[in-house]
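Participant: how would this look folded up:
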Amino acid sequence: MRIVLQRVLGASVVVGGDCIASIGHGLVLLVGVQDGDTVAVARRMASKVARLRVFANGERGFDRTVVEVEGAVLVVSQFTLMGDVRRGNRPSWTGAAPPGVAAPVVEAFAEALETAGIEVQRGRFGAMMDVALVNDGPVTLVLESDEVARPPA
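Facilitator: Reported below is the predicted structural model:
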């Protein structure tokens, strides 16, 4: 699983001219699911996102979590994050999970964030989406499930 996390002042998703999701202060999470990702991986990644200290607390720039600042999260599925461009000029999508596998993993990720007490809005899986956001900072991080430590047992 690969997640591009952006701290935002606000964000929205429009599909077919209709705004289907919007948030104020919080995080936009572009989520790519790779072949082999599971619901357990999604829950681990959600736990990491909920605990990341990427918001300011007075003079300390990175001291508070999205939960602590009562921010919202916009989850947008994005299979193109799994694109491999190491060879040639056209991305290869062979590492991306098929839609029937990816959709429930993305939903499990969003549900785990909600369980952590975060307001979650969602894009529409598989749709062409217009995503608008206003970066805060800007703060942008990339999280890879292979690199996020498993929590202690």
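Participant: buried sites along the worst-scoring helix or strand of the chain on mean pLDDT?
Facilitator: Across the helices and strands of the chain, mean confidence by mean pLDDT, DSSP states H and E is lowest for strand 60-64: a mean of 88. For strand 60-64, a neighbour-count test (16 or more other Cβ atoms under 10 Å) marks residue 64 as buried. For glycine as for every other residue, the C-beta is placed from the backbone atoms N, C-alpha and C.
Participant: now swap in stretch 42-57 and tell me
Facilitator: 42-50, 52, 54-56.
Participant: counting by contacts, list what the least confident helix or strand of the chain packs against.
Facilitator: Contacting strand 60-64 under the criterion 3 or more Cβ pairs under 8 Å, 6 or more residues apart in numbering; DSSP states H and E are the following elements: strand 55-57.
Participant: low-confidence ranges in the protein?
Facilitator: By pLDDT under 70, the weakly predicted segments of the chain are 149-153.
Participant: immediately after the least confident helix or strand of the chain, which helix or strand?
Facilitator: Later in the chain than strand 60-64, the nearest helix or strand by DSSP states H and E is strand 72-77.
Participant: what are the pairing partners of that following strand, and which direction each?
Facilitator: strand 26-32 (parallel), strand 119-122 (parallel) (DSSP bridges).
Participant: got the residue ranges for the helices in this protein?
Facilitator: 39-51, 99-115 (DSSP state H).
Participant: which residues are contacting the first one?
Facilitator: This means helix 39-51. Residues from elsewhere that reach helix 39-51 (Cβ atoms under 8 Å, 6 or more residues apart in numbering): 1, 3, 5, 27, 29, 65-67, 73, 104-106, 108-110, 112-113, 115-118, 143, 145, 148, 150-151.
Participant: contacting residues around the spatially most central residue of the chain?
Facilitator: By Cα atoms, centre = their mean, the chain has its centre lying nearest to residue 29, at 2.4 Å. Residues in contact with residue 29 (Cβ under 8 Å, 6+ apart) are 3, 4, 5, 6, 49, 73, 74, 75, 76.
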